[in-house]
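A.B. asks: A structural model of the following input is requested.
(6 chains)
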There are 6 protein chains.
Amino acid sequence: METKEVYVESLITKTPQEGRDLAIKLARKSIGVIQTDPEVRKKLRPQYANDPAMLIASAQVIALEFQTIARANDYWSKTSVK
Amino acid sequence: METKEVYVESLITKTPQEGRDLAIKLARKSIGVIQTDPEVRKKLRPQYANDPAMLIASAQVIALEFQTIARANDYWSKTSVK
Amino acid sequence: METKEVYVESLITKTPQEGRDLAIKLARKSIGVIQTDPEVRKKLRPQYANDPAMLIASAQVIALEFQTIARANDYWSKTSVK
Amino acid sequence: METKEVYVESLITKTPQEGRDLAIKLARKSIGVIQTDPEVRKKLRPQYANDPAMLIASAQVIALEFQTIARANDYWSKTSVK
Amino acid sequence: METKEVYVESLITKTPQEGRDLAIKLARKSIGVIQTDPEVRKKLRPQYANDPAMLIASAQVIALEFQTIARANDYWSKTSVK
Amino acid sequence: METKEVYVESLITKTPQEGRDLAIKLARKSIGVIQTDPEVRKKLRPQYANDPAMLIASAQVIALEFQTIARANDYWSKTSVK
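C.D. replies: Modelled structure (predicted):
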């Protein structure tokens, strides 16, 4: 297997906000699995953090991961109406 | 965790329109998590707001976030037929 | 919230065709929320309407919005076989 | 509404193959709604039909539309095992 | 309709591996429907097979088609734990 | 069929982490099916591993494959709350 590190033990989070945080973490870890050198990742980071097209593409990955997490949590149970 | 700010407390909204607004908010916050400097974000904004390809890519992120929100709200219950 | 205008009151439509029209409307409104100046949007329109890559990307947004709408309408109830 | 033409009356098809055909039709019609001039579309066609990146992007739109159609048809009922 | 050829008779496959193969086939057929000339397709193939961005985009289409197929097969019934 | 190799026997994994690993494997295998020459793939790898846009696109493929796998595993059963 590609990684020994366990970076996700469960898709269940207490709140939607923690679900967002987990989505961001999963997106980042995917990049870390492909580009395993932390020095290279550090060098690439300002490139995409300053490029609006890459920021939007990153937001898309987060949205996809969040779809999975939200569903795993039954959308945090649909009870509260703001 | 990446963010202390809680920008989403619930996926439940009163109306589809509020669901759209939340989708847009989630998309924006994703970008804010990656590019944390508000000054840089302000500088990037006209870049993508004037680039049709980036506008379309942004609309795609909103569509994905809205899929999640619409489902969380059971599509606002399927009752009204316009 | 980002927008006062209510451009979607319900995801329910009478027919699949109206569902397509709503998908297109939602996609367009997303762009309108990011680029709020109608004059700029008018200027950008010929750019993407004549660029096949952007047309395809637009079609992708419509497909995503339509997924949500079709589901909200229970796929217009699965009854008719053409 | 954007279009008077009714190009989709139902998402129900008799076979998976007809579902693919409908997916392709929906993808094409989305482009037709944005670029309404048939002469321009005819001119753009060889551009994307000869560009592998655009062909792949088109295949992605078809895949998304097919997801919706396949679900509407309950995946053509899961019965036959090939 | 666009194609007379029937390239998909059923979404049901015996195994997940056959589901992957079908996903790849569907992705390829989409390209074949848009670029109907086999000589042109042959010429384009080395272009995308040697371009990492296009390879990744192709993998995305396969992932989307596989989502549909996996669901049609009820994920090959969830029974075996490896 | 395109491949004799069986690289996925089941979508079921013991843990979410193994599900991530499988998602990555599926994404990689898709690329291997299109670009079958391992020497070429080896040559392309540094290209996308050092290009932030391609890394993000790869993360998107992983996210899509993971959606399927997570669902196949019923989101690893929704029980544990971290």
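A.B. asks: got the contact list for the residue positioned nearest the centre of chain A?
C.D. replies: Centroid-nearest residue in chain A: residue A:24, 2.4 Å away (criterion: C-alpha atoms, centre = their mean). By C-beta atoms under 8 Å, 6 or more residues apart in numbering or on different chains, the residues touching residue A:24 are A:62, A:65, B:2, B:30, B:33. C-beta: built from backbone N, CA, C; applies to glycine.
A.B. asks: pLDDT score assigned to the first one?
C.D. replies: At residue A:62, the predicted lDDT confidence score is 98.
A.B. asks: for residue A:82, same thing?
C.D. replies: So residue A:82 comes in at 42 (pLDDT).
A.B. asks: Can you mark which positions in the helix or strand of chain A with the lowest mean pLDDT are buried?
C.D. replies: The weakest-scoring helix or strand in chain A, judged by mean pLDDT, DSSP states H and E, is helix A:38-49 (a mean of 95). Buried positions in helix A:38-49, judged by neighbour count with 16 or more other C-beta atoms under 10 Å in any protein chain shown: A:41, A:44, A:48-49.
A.B. asks: just stretch A:45-64 next, same as before
C.D. replies: A:48-49, A:51-64.
A.B. asks: likewise stretch A:69-78?
C.D. replies: A:69-73, A:75-76.
A.B. asks: among the buried residues of helix A:38-49, which are within reach of chain E?
C.D. replies: With C-beta under 8 Å from any C-beta of the partner chain as the criterion, the buried residues of helix A:38-49 include none near chain E.
A.B. asks: can you redo those residues as TSV with distance to chain C?
C.D. replies: Output for those, formatted as TSV (distance: C-beta to the nearest C-beta, whole Å):
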residue	distance to chain C
A:41	28
A:44	24
A:48	19
A:49	19
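A.B. asks: Spell out which residues of chain A are next to chain B.
C.D. replies: Looking at chain B, the residues of chain A close enough under C-beta under 8 Å from any C-beta are A:15-18, A:20-21, A:24-25, A:48-50, A:52-53, A:55-60, A:62-64, A:66-67, A:70-71, A:75-76, A:78-82.
A.B. asks: change it to 7 Å
C.D. replies: A:16-17, A:20-21, A:24, A:49-50, A:52-53, A:55-60, A:62-64, A:66-67, A:70, A:75-76, A:78, A:80-82 (C-beta under 7 Å from any C-beta of the partner chain).
A.B. asks: Looking at chain A, which helix is longest?
C.D. replies: helix A:52-72 (DSSP state H).
A.B. asks: which helices and strands sit right next to that one?
C.D. replies: Helices and strands touching helix A:52-72, by 3 or more C-beta pairs under 7 Å, 6 or more residues apart in numbering or on different chains; DSSP states H and E, are helix A:16-34, helix A:38-49, helix B:16-34, helix B:38-49, helix B:52-72, helix F:52-72.
A.B. asks: For those, could you give me TSV that also reports distance to residue A:6?
C.D. replies: Output for these, formatted as TSV (distance: least, C-beta to C-beta, whole Å):
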stretch	distance to residue A:6
helix A:16-34	10
helix A:38-49	18
helix B:16-34	23
helix B:38-49	33
helix B:52-72	26
helix F:52-72	15
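A.B. asks: closest to residue A:7 out of these?
C.D. replies: Taking C-beta to C-beta, helix A:16-34 is the member of these nearest to residue A:7, at 4.9 Å.
A.B. asks: pLDDT of the closest one, averaged?
C.D. replies: According to the model, helix A:16-34 has a mean pLDDT of 97.
A.B. asks: sorry, back to before: gap between the longest helix of chain A and the chain center?
C.D. replies: A distance of 7 Å separates the centroid of the chain from that of helix A:52-72, by C-alpha atoms, centre = their mean, to the nearest Å.
A.B. asks: Also stretch A:44-59?
C.D. replies: Taking mean C-alpha positions (C-alpha atoms, centre = their mean), stretch A:44-59 and its chain are 14 Å apart.
A.B. asks: can you list contacts of that stretch?
C.D. replies: A:27, B:27, B:30-31, B:34-35, B:40, B:44, B:47-48, B:54, B:57-58, B:61, F:52-53, F:56-57 (C-beta atoms under 7 Å, 6 or more residues apart in numbering or on different chains).
A.B. asks: From the buried residues of stretch A:69-78, pick the one nearest chain E.
C.D. replies: residue A:71 (13.1 Å; C-beta to the nearest C-beta).
A.B. asks: now the closest one, nearest residue through space, not along the chain?
C.D. replies: Counting by C-beta to C-beta, 6 or more residues apart in numbering or on different chains, residue A:71 lies nearest to residue F:75, which is 6.8 Å off, once chain neighbours are set aside.
A.B. asks: Next: residue A:70.
C.D. replies: residue B:68 (5.0 Å).
A.B. asks: what's the neighbour count on that neighbour?
C.D. replies: 26 (other C-beta atoms under 10 Å in any protein chain shown).
A.B. asks: Next one, pLDDT for the residue nearest to residue A:15 when sequence neighbours are not counted please.
C.D. replies: What sits nearest to residue A:15 in space, not counting adjacent residues and going by C-beta to C-beta, 6+ apart, is residue A:76, at 6.7 Å. For residue A:76, the pLDDT comes out at 96.
A.B. asks: thinking again about what came up before, which one of the helices and strands packed on helix A:52-72 lies closest to residue C:7?
C.D. replies: Per C-beta to C-beta, nearest to residue C:7 of the helices and strands packed on helix A:52-72: helix B:16-34, 7.0 Å.
A.B. asks: out of the helices and strands packed on helix A:52-72, which comes closest to residue C:9?
C.D. replies: helix B:16-34 (6.8 Å).
A.B. asks: what is the orientation angle of the closest one with helix C:52-72?
C.D. replies: 130 degrees (axes from the mean of the first three to the mean of the last three C-alpha atoms, to 10 degrees).
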